[in-house]
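Student: attaching a predicted model along with its sequence, questions to come.
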Amino acid sequence: MGLINPAKEVMINKIDIEDFPQIFEESEIGDIGTLKLEVRKGAVPVCESPRRFPVGVRKQIKQELQRLEKLNVIRKVEHPTEWTTNMVFVVTPKRNRVCIAPKKLNENLIRNRFITPTVEEITPMLSKAKIFSVLDAKNGFHQMKLHPDSQELTTFWSPYLY
């Protein structure tokens, strides 16, 4: 039927980020805006018990926490907070990472509803496009800052004060 015209060849060009220093900064941290978390009225704050970590990974945890603090992704909290969640340490072949598991907090947040367009909705907009690109958002959760009112909601336990 001739509905699809496959490309005879595909050109793939990777740009060198060094050619565009004003766009691609050295930092692992982006700034695409500020996120404010809203807790439901009447929510009862939860302070979870800290998880234990094997002695063999504590040095790696400490290094990652120090790295994140240096990047201003996290900061020490040395006073009581109403909400405290657990830290999870994920070991991967490329890099280890610290995550949080805020299950109880998530259950009590007022959710924003964002509708993601479907392929069927996007495809007509691409019909005359000749150039396509892909952008990999490195460290996705580090691209948005938390509003000052929301920062203490994401307080997590560390196995020690480093």
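Tutor: Right, received. Where do you want to start?

Student: where does pLDDT dip in this structure?
Tutor: Scanning the chain for pLDDT under 70 picks out 1-18, 20-30, 134-140, 160-162.

Student: check which residues of the helix or strand where residue 151 lies are buried.
Tutor: Residue 151 belongs to helix 148-151 when assigned by DSSP states H and E. For helix 148-151, burial by neighbour count (16 or more other C-beta atoms under 10 Å) applies to residue 150. Where you see a C-beta, it was placed from the backbone N, CA and C, and this is true even at glycine.

Student: using PDB, write out the CA atom coordinates for it.
Tutor: Only the C-alpha atoms of helix 148-151 are listed here, as PDB (Å, rounded to 0.1, in the frame of the first residue of the first chain):
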ATOM      1  CA  PRO A 148      12.000  24.700  51.000                       C
ATOM      2  CA  ASP A 149       8.600  23.700  52.600                       C
ATOM      3  CA  SER A 150       9.000  20.200  51.100                       C
ATOM      4  CA  GLN A 151      12.600  19.500  51.900                       C
END
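
Student: run through who's touching it.
Tutor: 35, 36, 37 (C-beta atoms under 8 Å, 6 or more residues apart in numbering).

Student: just stretch 115-129 next, same as before
Tutor: By C-beta under 8 Å, 6+ apart, stretch 115-129 touches residue 132.

Student: hang on, the earlier thing: in strands, which of the contacts of helix 148-151 appear?
Tutor: If you go by DSSP state E, the contacts of helix 148-151 have residue 35 in strands.

Student: which among the contacts of helix 148-151 count as buried?
Tutor: residue 37.

Student: would you list the contacts of helix 148-151 in a markdown table and tack on distance to residue 43?
Tutor: Converted to a markdown table, these look like this (distance: C-beta to C-beta, whole Å):
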| residue | distance to residue 43 |
| --- | --- |
| 35 | 18 |
| 36 | 15 |
| 37 | 11 |
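
Student: ok, of the contacts of helix 148-151, which one's closest to residue 71?
Tutor: Distances from residue 71 to the contacts of helix 148-151, taken as C-beta to C-beta, are shortest for residue 35 (17.3 Å).

Student: is it true that that closest one touches residue 145?
Tutor: Yes - contact status for residue 35 versus residue 145: in contact at 7.1 Å, counting by C-beta atoms under 8 Å.

Student: can you map out the strands along the protein?
Tutor: 34-35, 86-90, 97-101, 145-146.

Student: which strands border the first one, and is each parallel or antiparallel?
Tutor: Looking back up the chat, that one is strand 34-35. strand 145-146 (parallel) (DSSP bridges).
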